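Student: structure, please.
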Amino acid sequence: MESIDRIIEFIAGRDPKFPSQIRGAAADEVARLEAAVCRALPAVYRRFLERMGHSMGWLEIGNGQFQIEAQIRYHEQAVLQDPPDYLMIGRCSGDACYDYYLWETRLAEDGETIRRVVSFPPPPSQNFEAFARTRIRRIAGSLPQLLGDAALSTFCNHRLTYHRQVEGIGPDGTPRLPGLDELLRRHGLPPIWFSNDWRRSYERADLLVTALESPATGRLIVDVRAENQPGLDAIYPEVRDYVKSSSPASRLDTPRLQG
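Tutor: Sure, this is the predicted structure:
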């Protein structure tokens, strides 16, 4: 199954009406956008447009405009083409104008091509590499993850109202997400399939855990949300102790409880 179809199925498992609310773009519209960007569209993005190019239903991602008409309008009128290896997929407006891009990169280990989602403001005409080092924000490991994380936030915000967060920096730079995977599996919380190497989501009917680890600094941030206080107490202390272990710079956020 295509990853975009799979994410639609993932959302439909929580909202059966969702597939009837989305609307895809026509083939001639996709071809027009492809001509405007002067390159072949990645398969995952093409499938997104075919299924959700005119409407993402109730799904919202920041202030981004992901509709194909917005992308056609921008790319046909743009003075500069998108930077090499980057393709704008979400146009933003307002003071904090950080547009959304698919960034094509390759894993050093096996040469696999991956397309992460990043955002940055309108880039300069020259010296993009220097601009990118300070202005690019990592958003998601893939387009399906961008959609899945947005859906999870929508589903959990109104009912998983008991919330704690912990963060810490490991001393030796060793990735700690694999250890968190093992801990949470013991609680029936394996990583959701669209998780990636630096951002994970773990879900159970009464719990949602998200984790973000910075490859640059080693900082691990784990957010735990539960339906009730006993549910939070059953898992959060273990998560806190794991993140704090060997993390002298650990910090606990003030709990936000709304139950």
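
Student: gap between R115 and S55?
Tutor: 23 Å (Cβ to Cβ, to the nearest Å). Any C-beta I mention is one placed from the backbone N, CA and C, and that applies to glycine too.

Student: out of those two, which sits in the busier spot?
Tutor: With neighbours defined as other Cβ atoms under 10 Å, R115 and S55 compare such that R115 has more, 19 against 14.

Student: burial check on the nearest residue to T113 once chain neighbours are set aside, number of neighbours?
Tutor: Distances taken as Cβ to Cβ, 6 or more residues apart in numbering place R106 nearest to T113, at 5.4 Å, with adjacent residues excluded. With neighbours defined by other Cβ under 10 Å, the count for R106 comes to 11.

Student: roughly how far apart are R106 and P19?
Tutor: With distances taken as Cβ to Cβ, R106 is found 33 Å from P19.

Student: wait, G173 touches G218, no?
Tutor: Yes: taking contacts as Cβ atoms under 8 Å, G173 lies within contact range of G218: 5.0 Å.

Student: so where do the helices sit in the chain?
Tutor: Under the criterion DSSP state H, helices of the chain are mapped to 3-12, 18-21, 27-37, 43-52, 68-77, 128-135, 143-157, 177-185, 229-244.

Student: name the helix or strand of this structure that has the lowest mean pLDDT.
Tutor: strand 256-257 (a mean of 42; mean pLDDT, DSSP states H and E).

Student: do you know how far T105 is from I192?
Tutor: Distance, T105 to I192, using Cβ to Cβ: 22 Å.

Student: to clarify, my last question referred to L146.
Tutor: L146 is 13 Å from I192, by Cβ to Cβ.

Student: looking only at neighbour counts, state which of these two leads.
Tutor: A count of neighbours by other Cβ under 10 Å puts L146 above the other of L146 and I192, at 25 against 17.

Student: give the contact list for the more buried one.
Tutor: Contact analysis of L146 by Cβ atoms under 8 Å, 6 or more residues apart in numbering lists I61, Y100, V117, I139, A140.

Student: circling back: figure out which of the helices of the chain is closest to D206.
Tutor: helix 229-244 (5.1 Å; Cβ to Cβ).
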